[in-house]
Structures are given as C-alpha cells and as structure tokens.
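> Dropping a prediction and its sequence here:
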Amino acid sequence: MSHGTLRIQTYAARLSAPIPDVVVNVIGHSKTWHVTTGSEGTAEDITIPTPSRCYSLDENNTTVRPYEVVDIIAVKPGFRTVTIEGAQIFAGQRTIAPIEMIPSSGEVEPIADDPIIIPEHGLFAGTGGSGPAPITDCVAPAVLDEVVIPNKITVHLGKPAVNAKNVTVNFQDYIANVASSEVYPTWPEQALRANIHAQISLAINRIYTEWYPSKGYTFNITNSTSYDQYYVHGRTVFDIMVKLTAEIFNTYVRKIGTVNPFYTEYCDGKSVTCPGMKQWGTVTQAKQGKNALQILKVYYGNDIEIVRTTNIRSIPQSYPGRPVRQGDRGTAVYTLQRQLNRITKDYPFFGKLNVDGIFGSAMTQTVKTFQKQFGLTADGVVGRATWYKIS
C-alpha cells in the first residue's frame, strides 16, 4: 500500500501569523482524520493511503486517478469555517494545505465561507498547459526597460474579457500553485525544474511586455490555459513544488543575445499538442539523464539560456504617470521615439524621428498621425491610451 502525507498550516489573514487550536477534519473515502493545530499553526502530518506512484508516471493512464482525494474542514470559534474540497495526495509526497483563517466579526458560532474547490489535476483532466505564444511581428515586444521578478502578481480568475475576480498573491506562491496544478509531484526532479522554469518565464514575459495592462486590463495574467497557465486560487500545493520554486523563482528563460523573457509555450503533449514544450516529454528526457536546461533546449532550441536576476520588487509601469508632450525631454521621450521608428517600418508615412530624447514639433506631428491612424484623439499628446497603443 502506498501513502502520502498531508500537512495542515493555519494562518491569520494574509498569512501574517499562525493560528493555533484550529480543529481540522480531513475526510477521505473510507476514513476521517481529526487534528488540531499547535502554537506554530501546524498540525501533526496525516498519513493517507494513495494509489501507486506508477500511475502518475504513466502518460497513457487516463482512467485511474493517480492520487487520493480528501476534503478538509477547519473550524475555530470566532473565525469563519474553511472548507477545501478535492485536495490531492500523491504517493511518497507531502501535500501542504495553507489555510487562511478569517475572523467572523465576533460571531459566537463559526460562519462558513464558500468552499474552495480543487478540480481534477490538469494532467489527469487534460485541461492544463499554456496559452499559445503571442502573435507579434516584433522580435522583442518589450515595454518595460528591465526584467523584474515581482514580489506579487495579480491574477484574473477567468478569461481576459470575462467578469471574474482578480487576486493579488505572492509570486512564489503563484508559481508553486501553477506547478502543483500543471504537473505531478512524483516526476523526476529535472523534469519538475524544466516545467517550473517554463512557468516562471511565461509569467515574467507577460509582466515584461505589460501584455494585459497595455490592453486596458488591471491584472498581469489570467488563470485560463486558453491564454496563460493554470492557477487554482486557494488550492493545496505540493511540498516539492514549494521547495523548487523557492530555489529558482528569480530565474527565467531567454534567447541568447536578447533581454526579454522567452514566452515558453507548453502543453501536456498527449491530450493537447503545441509547438512548445511537451510536459510528458520532460519525464522521458529526464529519465534519459538530461538536466533542466538540456530538456528545455529540446523544445525551445539550443540558443536559449537560463538567467538569474536579483531585481526583485514591485511591478513597475512603463507609462511615466503623466502625459508626454512637446517640450518634454528624457527617457520616456527616447522610448517613444524608438518605438515609433519601429512602427514606421510598417507605416512609412509616419516619418522617421531623430532618437534624441527631445519631444519636438516633428514628433508631435508623428504622434498625431499615429493617433489618427489608430482611432485615437489626434492631439499630439501621449497619454496613457496612446502610450500603450504605441507599445
């Protein structure tokens, strides 16, 4: 009989402090476990029977669920009751349930929030992978001046135009969540590393290019695999994903000789095909002895590299915060001139500008022509809408 473990961790809102004395019931198919969190907010690990590890290593297995599923209910007087349905336990792996306990405004009886529902794992359901690479004729569709690893990232819980909630979460927690939603924790370590590198690079590409803010959205990425990658808000995560993410979260993939993070498109390679990385293929490559970089090169070419940056901070905006107009000088003007000259290759009648960082009359006319061409108010002033349209 195979087994995995479940670790319960209870915190105050925003994971600010541990919450002791939380009574947690873990409900399986044939047994229920009862634990209580201690002074550090952690309960004793629960050992849970699971299917054999071999099911999660067999890419042709589409019928036997390769993990055990349990429900978790956390209760403490004065706090809202938290219910997590569908937590996944794999053979030989530790699943972590970080539970946020929210005060119930002095109510004596616990109030239950809507349950957190974890769907079937993306690999088993065939719903994982990433959205297709952006269609662009620019080699480096950059907007920001530098690559930033964000402290936090804002995720839209749906397709871009769908009315859905936005959540802002710690970037490392986001990547560990995506990794737990996209691939099995039982896979060889180098396969896991290759997948996490790809997930990080895809997210950093979205941030670097301001892909969604430039379209008027207030988020950085979606959780839709039709557009981005799979994120399940509030889900349990796998310990191995947390540990690997903590080690490599400030790395990304890029083409040698470029600056921009590479958009590392990927899919499972079985139920879904794509031009990029095949998730099941990474297992095969790892079993052949390849390391993470060698695996990534199989799918993205030999001209890629993994780079690490210490530029970890809040996500900046390329827009300078105020309209740019005739008479202005500096970096923002220089950026606009460079971008407008690139656009002029396709729209020669805009006229090429002298890239000197000075917003003169010729640039005003070019901006007016651009605005007229793309249906904006042709006033020659680069406000937020014109800035992002140019970008």
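Okay, I see it.

> The strand ranked longest in the chain: what's the following helix or strand?
Counting residues, the longest strand found in the chain (DSSP state E) is strand 2-11. Proceeding N to C from strand 2-11, the next assigned helix or strand is strand 23-27, under DSSP states H and E.

> Can you give the strand pairings for whichever helix or strand comes after that following strand, parallel or anti for each?
Reading on from strand 23-27 to the C-terminus, the next helix or strand found by DSSP H and E is strand 32-36. Applying DSSP bridges to the sheet, strand 32-36 is found paired with strand 23-27 (antiparallel).

> now the angle from the partner strand to strand 2-11?
Going by axes from the mean of the first three to the mean of the last three C-alpha atoms, to 10 degrees, strand 23-27 is angled at 150 degrees with respect to strand 2-11.

> Now strand 23-27: buried residues?
By neighbour count on 16 or more other C-beta atoms under 10 Å, the buried set for strand 23-27 is 24, 26. For the C-beta atoms, the positions are set from N, CA and C on the backbone; glycine is no exception.

> From the contact counts, what lies against the helix or strand encompassing residue 195?
Element membership for residue 195 (DSSP H and E) is helix 189-208. Using 3 or more C-beta pairs under 8 Å, 6 or more residues apart in numbering; DSSP states H and E, the elements in contact with helix 189-208 are helix 171-182, strand 221-222, helix 239-248, strand 251-255, strand 266-267, strand 277-278, helix 279-287, helix 292-300.

> Can I get the first one as PDB, trimmed to CA atoms?
What that stands for is helix 171-182. Extracted in PDB, the C-alpha atoms of helix 171-182 (Å, rounded to 0.1, in the frame of the first residue of the first chain):
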ATOM      1  CA  PHE A 171       4.800  35.500  -6.800                       C
ATOM      2  CA  GLN A 172       6.500  32.400  -5.300                       C
ATOM      3  CA  ASP A 173       3.100  31.200  -4.100                       C
ATOM      4  CA  TYR A 174       1.700  31.800  -7.500                       C
ATOM      5  CA  ILE A 175       4.400  29.700  -9.200                       C
ATOM      6  CA  ALA A 176       4.100  26.800  -6.700                       C
ATOM      7  CA  ASN A 177       0.400  26.800  -7.300                       C
ATOM      8  CA  VAL A 178       0.800  26.700 -11.100                       C
ATOM      9  CA  ALA A 179       3.300  23.900 -10.800                       C
ATOM     10  CA  SER A 180       1.000  21.900  -8.500                       C
ATOM     11  CA  SER A 181      -1.900  22.500 -10.900                       C
ATOM     12  CA  GLU A 182       0.100  21.600 -14.000                       C
END
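
> Could you export the helices and strands packed on helix 189-208 to TSV, including columns for distance to residue 231?
Converted to TSV, the helices and strands packed on helix 189-208 look like this (distance: least, C-beta to C-beta, whole Å):
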stretch	distance to residue 231
helix 171-182	5
strand 221-222	8
helix 239-248	13
strand 251-255	18
strand 266-267	15
strand 277-278	18
helix 279-287	16
helix 292-300	21
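
> what about these, which gets the closest to residue 329?
Closest approach to residue 329 among the helices and strands packed on helix 189-208 (C-beta to C-beta): strand 251-255, 31.4 Å.

> For that closest one, give the mean pLDDT please.
Average pLDDT, strand 251-255: 97.

> got the angle between it and helix 189-208?
Going by the same axes, to 10 degrees, strand 251-255 makes 80 degrees with helix 189-208.

> Sheet partners, orientation included, of strand 251-255?
Short version: by DSSP bridges, strand 251-255 pairs with strand 304-308 (antiparallel).
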